[in-house]
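*Asks:* give me a 3D structure for the following:
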Amino acid sequence: MRPKLLLTALIVLLLSALIAVKRINHSSQATHNIEKSSNNNFSLFEAVPIEDAIGPESFAFDPLGEGPYTGISDGRIIKWQQNQQRWINFAITSPERDGCEGPHDHDQMEHICGRPLGLGFINTTGDLYIADAYMGLMVVGPNGGLATKVATQVQGVPLGFTNGLDIDQRSGVVYFSDSSSQYQRRNHISVILSGDKTGRLMKYDPENNQVTVLLNNLSFPNGVALSQNSHYILVADTTNCRVMRYWLQTSKAGTFEVFAQLPGFPDNIKRSPRGGFWVAIHSRRERVLEWVLSYPWIGNALLKLPFDIMRAYSYLAKWRGSGLAIRLSEQGEVLEIFEEKSGNRWTSIAEVEEKDGTLWIGSIIMPFAGKYRI
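*Replies:* Purely as a prediction, here's the structure:
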């Protein structure tokens, strides 16, 4: 009995380390680049409830500026109707809807119902591109409805965990990530613990309907974001707690480099209209976890134990997490830090979308979208 208790304690410790809250230390090497943030008055925060579902991970506004639109845990893409102050159904990514909706654990059905993650509109047509974790890269017209599959495999390898996307509005090319070909979204912690390196960065060209692999053998590529001039694209390297930059143009085209090192595990990246990029931090990386990740055999051993790591992680995240996002400059320097330190309003930030002076804040586990007026 004692070995089992010791093992359980070790697992809880490791999972706690994965999501442990640790306040930002402004004495870092980037201190001189940090602007004094006014994002500390959390009385300005507003929760926009979502009924019978959770996890508004990513946001997009249509060409008319309406929305945001977001994908949620039961496979729906919903739209915020500002004049009515409510969410309405817009699209779905799977025709199989029996048992998808309603207040239950959607993780068990998301491979059937779909789980839309990254979203992006083509401004010229109003089409919405969707990175669905299970259904692949998809698109739906301006009137919504059932989305159409664009790509489910690339070079003979199925899209196992389609995740983030961004669109070059000049060319219509869609850049997107596939986080792993070994693990699905509902086992995303396994991608980190196993040291999996089967992730890919790809692009889809609607002119010829071709999908091209730009980078492979990546460690949990997550959110992606183009620079304003489309010279490069940023990719969140979740496992290694950093943002990478892949050059698309200039003399550096084809090179891949570290853009910024982060204090935790990044999720989505979005350009800020004030300049730079908002990087959402899912959770902090503590020293215990650094030790675990330095020895892949430890993570792989944990995955083989008769213990539901994902369920334990989800439970602990609700109680131990806090909200954190960082705005980086075009040079990868810290411009602004946004942190909800009490942990009482939201945890595990998935995205920050800045629109008309408001931050829309997403999470994979909260039953609401966050709004914060800056």
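
*Asks:* what ranges does the stretch 51-200 of the chain have for its helices?
*Replies:* With DSSP state H, counting those that start in this stretch as the criterion, the stretch 51-200 of the chain has helices at 110-113, 188-194.

*Asks:* mind putting these into JSON lines with mean pLDDT?
*Replies:* Below are those laid out as JSON lines (pLDDT from 0 to 100):
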{"stretch": "helix 110-113", "mean pLDDT": "97"}
{"stretch": "helix 188-194", "mean pLDDT": "80"}
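
*Asks:* just those: most buried one?
*Replies:* helix 188-194 (a mean of 21; mean count of other C-beta atoms under 10 Å). Placement of C-beta: from N, CA and C, glycine included.

*Asks:* run through the neighbouring helices and strands of it.
*Replies:* In terms of contacts (3 or more C-beta pairs under 8 Å, 6 or more residues apart in numbering; DSSP states H and E), helix 188-194 is packed against helix 287-294, helix 296-303, helix 309-320.

*Asks:* rank those by mean pLDDT and give me the bottom one.
*Replies:* Mean pLDDT across those is lowest at helix 309-320; the value there is a mean of 51.

*Asks:* strand partners (parallel or antiparallel) of the following helix or strand past that one?
*Replies:* The helix or strand immediately downstream of helix 309-320 is strand 323-328, counting by DSSP states H and E. With DSSP bridges as the test, strand 323-328 is paired with strand 277-284 (antiparallel), strand 334-340 (antiparallel).

*Asks:* can you put those strands in a markdown table and add mean pLDDT?
*Replies:* Formatted as a markdown table, the strands paired with strand 323-328 follow (pLDDT from 0 to 100):
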| stretch | mean pLDDT |
| --- | --- |
| strand 277-284 | 91 |
| strand 334-340 | 90 |
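
*Asks:* output these in a markdown table; the columns should cover distance to Asn209.
*Replies:* Below are the strands paired with strand 323-328 laid out as a markdown table (distance: least, C-beta to C-beta, whole Å):
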| stretch | distance to Asn209 |
| --- | --- |
| strand 277-284 | 29 |
| strand 334-340 | 39 |
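
*Asks:* just name the most buried of those strands.
*Replies:* strand 277-284 (a mean of 26).

*Asks:* list the neighbours of that one that are in contact with it.
*Replies:* Outside strand 277-284, the residues that touch it by C-beta atoms under 8 Å, 6 or more residues apart in numbering are 18-22, 223, 225, 234, 236, 238, 243, 260, 262-272, 317, 321, 324-328, 348-354, 359, 362, 364.

*Asks:* let's see 7 Å
*Replies:* Applying C-beta atoms under 7 Å, 6 or more residues apart in numbering, the contact partners of strand 277-284 are 18-22, 225, 234, 243, 262-272, 321, 324-328, 348-352, 354.

*Asks:* count of residues packed around Thr70?
*Replies:* 27 (other C-beta atoms under 10 Å).

*Asks:* again with Ala369
*Replies:* 27.

*Asks:* just give me the neighbour total for Ser94.
*Replies:* 21.

*Asks:* okay, it: pLDDT?
*Replies:* pLDDT, Ser94: 98.

*Asks:* please renumber the chain so that the first residue is 576 from this point on.
*Replies:* Yes, from this point I'll number from 576; that puts the last item at Ser669.

*Asks:* how close does the nearest residue to it once chain neighbours are set aside sit to Ser633?
*Replies:* Nearest non-adjacent residue to Ser669, counting by C-beta to C-beta, 6 or more residues apart in numbering: Gly689, 4.0 Å away. Between Gly689 and Ser633 the computed distance is 14 Å (C-beta to C-beta, to the nearest Å).

*Asks:* these two: who's more crowded?
*Replies:* Ser633 (31 against 27).

*Asks:* shouldn't that one be in contact with Leu692?
*Replies:* Yes: with contact defined as C-beta atoms under 7 Å, Ser633 reaches Leu692; the gap is 5.8 Å.

*Asks:* about what we covered before: as TSV, the helices of the stretch 626-775 of the chain with distance to Tyr704 would be great.
*Replies:* Compiled in TSV, the helices of the stretch 626-775 of the chain are given as follows (distance: least, C-beta to C-beta, whole Å):
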stretch	distance to Tyr704
helix 685-688	19
helix 763-769	21
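
*Asks:* tell me which of those helices sits nearest to Glu915.
*Replies:* Comparison of the helices of the stretch 626-775 of the chain against Glu915 by C-beta to C-beta identifies helix 763-769 as nearest, at 22.2 Å.

*Asks:* find the nearest non-adjacent residue to Asn837, please.
*Replies:* Actually, residue 837 is Leu. It isn't Asn. Closest to Leu837 by C-beta to C-beta, 6+ apart is Cys816, at 4.9 Å.
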